[in-house]
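Visitor: Sharing a sequence plus its predicted fold:
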Amino acid sequence: NEPDATANGQSAEDLRWMTEAIDLASLGRGQVEPNPPVGCVLVRDSVCIGKGYHQRFGGPHAEVEALSDCADATGATAYVSLEPCCHHGKTPPCADALIRAQVARVVVSVVDPFDQVDGGGIERLRSAGIEVTTGVAKEAGEDLLGAYLKRVRTGMPWVIAKWAMSLDGRIATKTGESKWITGPAARTAVHELRASVDAIAVGMGTVIADNPLLTVRLPQIADAKPPGGTNPKIASSTRQLVRLVYARSRLPDLQTQLVQTASETPTWVIAGPQIANADLAKLADHDVETWQCESSDPIEMIRQSLLWLGSNDNPRGLAMTHLMVEGGSQLLGSFAAARQLDEVHAFIAGKCIGGRDAPGPLGDPGVEALTDATSLRISRLDSFDNDVRLIYRR
Ligand code: AOF
Ligand code: ZN
């Protein structure tokens, strides 16, 4: 139980430097996962004498980057957005590096819940006579580490639901027409979001209705690779975008775009228990990875699949940290019921559709009492021509 800096009243100077460390940390987003993005700033006499951040998975940690940016850190204060590690992972412990560099004080935003660290880094620094303050700018620090903290605590990736709806909250007309509710600029923003996640999930209803391709199609990278090819932005990092189909009771047809392009862009199918092995084998022949869930309960299927995606046992061999769910409303309704909506990107268009039978973004089961509703906090609001995007987070 760390005494919190917030409780002790944070100094303006600590807050200022920690904010800089957190901003630095964010530069590693998209390259360091499944590791956390971490930043470090070294300060002496109110002057920054070195800084660095964790730049890529497997690379040096933030503290080591900052120490190598500075000739002599003796007597300095190190501001680190996450507790310095004390374990030998891909690199030696950062706590030891800070001790060797003879810093006088370490200020930490978030204590690392990873079981090999979990306060051990702070303890090691204190035993070496270094003053340690924790919890500085903790809310901003935790905000940046949302996906990392969820995966370490639950083994599951962070789930981002995306939907586009009319001003009156419909994702399609009563006849099922949904292309397009929002304009091209908003749709480009969706492709940017796709480019930043590990996987995009859809349900079978969407596969049947839309025959989607689910690739990243952005103007600036379209030249580098055609639609349906791999995304170079992702391929250059540790990730390649995976397309994920939740197929509880029936599998995608072999003629669908997803199956036909599975040899170029990874396509994984999460199948319900009653689906025949022979049918799964046909998908495997088309380079589709299949994983059969033991449960046919939609909520349980989501929980088990998230644990599988968040582990190193998935076909990629590396835990996923960010999953985007594109729909349809049935799959999104199940994610909501499973309490797995961590972030929502709701695009709202200036169109009114109406009709009792025109669906909203979240299908069954829904909640009965308002107190059971998923509660999220507003994080960002943008506009794209005549559309707006609301980002809400847990
Ligand atoms: C730090 N500074 O910049 C980061 C830390 O796989 P490895 O060896 O890189 O270790 C990953 C773990 O190290 C990760 O789970 C987290 O506990 C810590 N990450 N620690 O002191 C950093 N990125
Ligand atoms: Zn470290």
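Guide: Arrived safely. Numbers count the residues shown, from 1 in each chain. Ligands and ions are numbered 1, 2, ... in the order given.

Visitor: Now stretch 276-291: average pLDDT?
Guide: For stretch 276-291, the mean per-residue pLDDT is 97.

Visitor: So which bits of that stretch are buried?
Guide: Across stretch 276-291, burial judged by 16 or more other C-beta atoms under 10 Å covers Leu280, Leu283, His286, Val288, Glu289, Thr290, Trp291. Heads up, the C-betas are built off the backbone N, CA and C, glycines and all.

Visitor: For the last one, list each beta-bridge partner.
Guide: Think Trp291. Ile270 (DSSP bridges).

Visitor: Quickly note the distance from Ile99 to Cys86.
Guide: To Cys86, Ile99 is 10 Å away according to C-beta to C-beta, to the nearest Å.

Visitor: What of Asp168?
Guide: 54 Å.

Visitor: Which of these two has more residues huddled nearby?
Guide: Set Asp168 next to Cys86 and count neighbours by other C-beta atoms under 10 Å: Cys86 wins out with 20 against 13.

Visitor: Off-centre distance for stretch 319-332?
Guide: Using C-alpha atoms, centre = their mean, to the nearest Å, the mean C-alpha position of stretch 319-332 is found 11 Å from that of the whole chain.

Visitor: So it, near ligand 1 or not?
Guide: No: interface with ligand 1: stretch 319-332 contributes nothing (C-beta under 6 Å from any ligand atom), its closest point being 10.3 Å away.

Visitor: Just the CA atoms of that stretch, as CSV, please.
Guide: Extracted as CSV, the C-alpha positions of stretch 319-332 are listed here (Å, rounded to 0.1, in the frame of the first residue of the first chain):
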residue,chain,number,x,y,z
ALA,A,319,-0.5,-11.6,-26.6
MET,A,320,-2.9,-9.1,-28.1
THR,A,321,-3.5,-5.9,-26.3
HIS,A,322,-6.1,-4.1,-28.5
LEU,A,323,-9.2,-5.6,-30.0
MET,A,324,-11.6,-3.6,-32.1
VAL,A,325,-15.2,-4.9,-32.4
GLU,A,326,-16.9,-3.6,-35.5
GLY,A,327,-20.3,-5.3,-35.1
GLY,A,328,-22.9,-6.2,-35.8
SER,A,329,-25.3,-5.3,-33.1
GLN,A,330,-25.6,-8.9,-31.9
LEU,A,331,-21.9,-9.3,-31.3
LEU,A,332,-21.6,-5.9,-29.7
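
Visitor: Give the rounded mean pLDDT of it.
Guide: Here the average pLDDT along stretch 319-332 is 96.

Visitor: need the helices for the stretch 201-350 of the chain, in chain order.
Guide: Secondary structure of the stretch 201-350 of the chain (DSSP state H, counting those that start in this stretch): helices at 204-210, 219-222, 232-235, 257-260, 277-285, 298-309, 329-337.

Visitor: what's the closest of those helices to Lys138?
Guide: Closest of the helices of the stretch 201-350 of the chain to Lys138 is helix 298-309, at 26.0 Å (criterion: C-beta to C-beta).

Visitor: how distant is the closest one from the center of its chain?
Guide: 16 Å.

Visitor: Who are the packing partners of it?
Guide: Packing partners of helix 298-309 (3 or more C-beta pairs under 8 Å, 6 or more residues apart in numbering; DSSP states H and E): strand 242-247, helix 329-337.

Visitor: Would you format those as CSV with distance to ligand 2 and mean neighbour count included?
Guide: Below are those laid out as CSV (distance: least, C-beta to the ion, whole Å; neighbours: other C-beta atoms under 10 Å):
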stretch, distance to ligand 2, mean neighbour count
strand 242-247, 28, 25
helix 329-337, 33, 23
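
Visitor: tell me which residues of the helix or strand hosting Arg126 are tucked away?
Guide: Following DSSP states H and E, one finds Arg126 within helix 120-127. Judged by neighbour count (16+ other C-beta under 10 Å), helix 120-127 contains these buried residues: Gly120, Gly121, Ile122, Arg124, Leu125.

Visitor: And stretch 363-378, by the same measure?
Guide: The neighbour-count check on stretch 363-378 (16+ other C-beta under 10 Å) flags Gly363, Thr374 as buried.

Visitor: can you give me the end-to-end distance of it?
Guide: 22 Å (C-alpha to C-alpha, to the nearest Å).

Visitor: wait, does the helix holding Arg126 make contact with ligand 2?
Guide: No: interface with ligand 2: helix 120-127 contributes nothing (C-beta under 5 Å from the ion), its closest point being 7.8 Å away.

Visitor: Convert the C-alpha atoms of that helix to PDB, please.
Guide: Written as PDB, here are the backbone C-alpha positions of helix 120-127 (Å, rounded to 0.1, in the frame of the first residue of the first chain):
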ATOM      1  CA  GLY A 120       9.500  -4.900  -6.000                       C
ATOM      2  CA  GLY A 121      11.200  -2.200  -8.100                       C
ATOM      3  CA  ILE A 122      10.200   0.500  -5.600                       C
ATOM      4  CA  GLU A 123      11.400  -1.700  -2.700                       C
ATOM      5  CA  ARG A 124      14.800  -2.200  -4.300                       C
ATOM      6  CA  LEU A 125      15.300   1.500  -4.900                       C
ATOM      7  CA  ARG A 126      14.300   2.300  -1.300                       C
ATOM      8  CA  SER A 127      16.700  -0.400   0.000                       C
END
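
Visitor: which strands and helices sit next to it?
Guide: Using 3+ C-beta pairs under 8 Å, 6+ apart, helix 120-127 is in contact with helix 94-100, strand 105-110, strand 131-133.

Visitor: again, only this time at 7 Å
Guide: Contact analysis of helix 120-127 by 3 or more C-beta pairs under 7 Å, 6 or more residues apart in numbering; DSSP states H and E lists helix 94-100, strand 131-133 as its packing neighbours.

Visitor: So which bits of the longest one are buried?
Guide: In other words, helix 94-100. Of the residues in helix 94-100, Cys94, Ala95, Asp96, Ala97, Leu98, Ile99 count as buried by neighbour count, 16+ other C-beta under 10 Å.
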